[in-house]
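*Asks:* Provide a 3D model corresponding to the input given below.
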Amino acid sequence: MKKTLLASALLLAANSALAGNFGYTYVEGGFGEHDDGDGFFLGGAADIQQGFGVIGSYYALELDDNDRWYDADASLDILTVGVQFHTPLHNHAHFVGSVQLINAEIEWDDRFGRDYSE
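*Replies:* Numbering: from 1, shown residues only. Next comes the predicted model:
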(Lines give C-alpha, C1' and ligand atoms only; values in the text may rest on other atoms or scores of the structure.)
Protein backbone atom coordinates (compact mmCIF):
# COMPACT_ATOMS: atom_id res chain seq x y z
CA MET A 1 0.00 0.00 0.00
CA LYS A 2 2.78 2.43 0.94
CA LYS A 3 4.67 1.64 -2.27
CA THR A 4 1.54 2.34 -4.33
CA LEU A 5 1.02 5.70 -2.65
CA LEU A 6 4.68 6.63 -3.11
CA ALA A 7 4.60 5.63 -6.80
CA SER A 8 1.41 7.67 -7.32
CA ALA A 9 2.93 10.71 -5.65
CA LEU A 10 6.08 10.48 -7.75
CA LEU A 11 4.04 10.09 -10.95
CA LEU A 12 1.95 13.16 -10.12
CA ALA A 13 5.06 15.17 -9.27
CA ALA A 14 6.71 14.18 -12.55
CA ASN A 15 3.62 15.17 -14.55
CA SER A 16 3.46 18.53 -12.78
CA ALA A 17 7.13 19.17 -13.47
CA LEU A 18 6.65 18.53 -17.18
CA ALA A 19 3.61 20.79 -17.51
CA GLY A 20 4.05 23.71 -19.87
CA ASN A 21 3.07 27.37 -19.58
CA PHE A 22 4.18 27.79 -15.99
CA GLY A 23 2.59 30.85 -14.33
CA TYR A 24 3.26 33.02 -11.30
CA THR A 25 -0.37 33.84 -10.50
CA TYR A 26 -1.61 31.92 -7.46
CA VAL A 27 -3.71 32.03 -4.29
CA GLU A 28 -2.76 30.08 -1.17
CA GLY A 29 -3.97 29.70 2.37
CA GLY A 30 -3.46 27.66 5.47
CA PHE A 31 -4.49 27.07 9.06
CA GLY A 32 -2.55 25.74 12.02
CA GLU A 33 -3.57 24.82 15.54
CA HIS A 34 -1.55 24.25 18.71
CA ASP A 35 -2.39 23.62 22.36
CA ASP A 36 -1.83 27.30 23.17
CA GLY A 37 -3.31 28.95 20.09
CA ASP A 38 -3.97 28.91 16.40
CA GLY A 39 -3.22 30.86 13.26
CA PHE A 40 -3.96 31.20 9.58
CA PHE A 41 -2.54 32.82 6.49
CA LEU A 42 -3.71 33.95 3.06
CA GLY A 43 -1.42 34.91 0.23
CA GLY A 44 -1.18 35.27 -3.48
CA ALA A 45 0.42 36.81 -6.49
CA ALA A 46 -0.78 38.08 -9.86
CA ASP A 47 1.13 38.87 -13.04
CA ILE A 48 0.48 42.40 -14.27
CA GLN A 49 2.51 41.92 -17.42
CA GLN A 50 5.05 39.38 -18.66
CA GLY A 51 7.80 39.11 -16.03
CA PHE A 52 6.31 41.58 -13.52
CA GLY A 53 3.62 41.15 -10.89
CA VAL A 54 2.31 41.96 -7.43
CA ILE A 55 2.56 39.75 -4.36
CA GLY A 56 0.99 39.90 -0.91
CA SER A 57 0.04 37.95 2.16
CA TYR A 58 -1.69 38.20 5.53
CA TYR A 59 -0.82 36.15 8.62
CA ALA A 60 -2.74 36.07 11.92
CA LEU A 61 -1.64 34.24 15.05
CA GLU A 62 -3.46 34.03 18.38
CA LEU A 63 -1.76 32.59 21.47
CA ASP A 64 -3.47 31.91 24.79
CA ASP A 65 -0.98 30.64 27.36
CA ASN A 66 -2.89 29.70 30.49
CA ASP A 67 -0.47 27.88 32.73
CA ARG A 68 -0.47 28.50 36.46
CA TRP A 69 2.82 30.44 36.54
CA TYR A 70 2.46 32.66 33.55
CA ASP A 71 -0.87 33.61 32.03
CA ALA A 72 -0.51 35.70 28.86
CA ASP A 73 -2.41 36.27 25.64
CA ALA A 74 -0.80 37.47 22.42
CA SER A 75 -2.01 38.40 18.98
CA LEU A 76 0.22 38.87 15.92
CA ASP A 77 -0.90 40.24 12.55
CA ILE A 78 1.46 40.51 9.58
CA LEU A 79 0.60 42.11 6.24
CA THR A 80 3.01 42.04 3.29
CA VAL A 81 2.64 43.83 -0.05
CA GLY A 82 5.19 43.94 -2.82
CA VAL A 83 6.27 43.43 -6.39
CA GLN A 84 8.00 40.51 -8.04
CA PHE A 85 10.11 40.04 -11.14
CA HIS A 86 10.69 36.76 -12.97
CA THR A 87 12.46 35.76 -16.14
CA PRO A 88 13.46 32.40 -17.60
CA LEU A 89 17.17 31.57 -17.53
CA HIS A 90 16.65 28.53 -19.78
CA ASN A 91 13.95 25.89 -20.34
CA HIS A 92 14.04 24.44 -16.81
CA ALA A 93 15.15 27.33 -14.59
CA HIS A 94 13.76 30.77 -13.83
CA PHE A 95 15.12 33.71 -11.89
CA VAL A 96 12.59 35.13 -9.40
CA GLY A 97 13.06 38.16 -7.16
CA SER A 98 10.67 40.14 -5.00
CA VAL A 99 10.62 43.22 -2.80
CA GLN A 100 7.97 43.45 -0.08
CA LEU A 101 6.88 45.92 2.56
CA ILE A 102 6.06 44.22 5.86
CA ASN A 103 3.73 45.61 8.51
CA ALA A 104 3.68 43.59 11.74
CA GLU A 105 1.51 44.38 14.76
CA ILE A 106 1.65 42.53 18.06
CA GLU A 107 -0.62 42.88 21.07
CA TRP A 108 0.23 41.18 24.33
CA ASP A 109 -1.27 41.22 27.82
CA ASP A 110 -0.09 39.38 30.90
CA ARG A 111 -1.82 38.05 34.00
CA PHE A 112 -1.26 41.33 35.86
CA GLY A 113 -3.48 43.23 33.43
CA ARG A 114 -0.67 45.04 31.58
CA ASP A 115 -1.28 45.52 27.87
CA TYR A 116 1.45 46.00 25.29
CA SER A 117 1.23 46.70 21.57
CA GLU A 118 3.73 47.48 18.85
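
*Asks:* C-alpha from now on. contacts and neighbour counts both.
*Replies:* OK.

*Asks:* Just give me the neighbour total for the nearest residue to residue 77 once chain neighbours are set aside.
*Replies:* Nearest residue to residue 77 in three dimensions, chain neighbours excluded: residue 60, at 4.6 Å (CA to CA, 6 or more residues apart in numbering). By the criterion of other CA atoms under 10 Å, residue 60 has 18 neighbours.

*Asks:* So for residue 60, what's the pLDDT?
*Replies:* The confidence metric pLDDT takes the value 93 at residue 60.

*Asks:* I figured it was touching residue 74, is that so?
*Replies:* No: if you go by CA atoms under 8 Å, residue 60 and residue 74 don't touch, sitting 10.8 Å apart.

*Asks:* How about residues contacting the longest strand along the chain?
*Replies:* Identified as the longest strand of the chain according to DSSP state E is strand 71-90. Under the contact criterion CA atoms under 8 Å, 6 or more residues apart in numbering, strand 71-90 has outside partners 51-66, 94-111.
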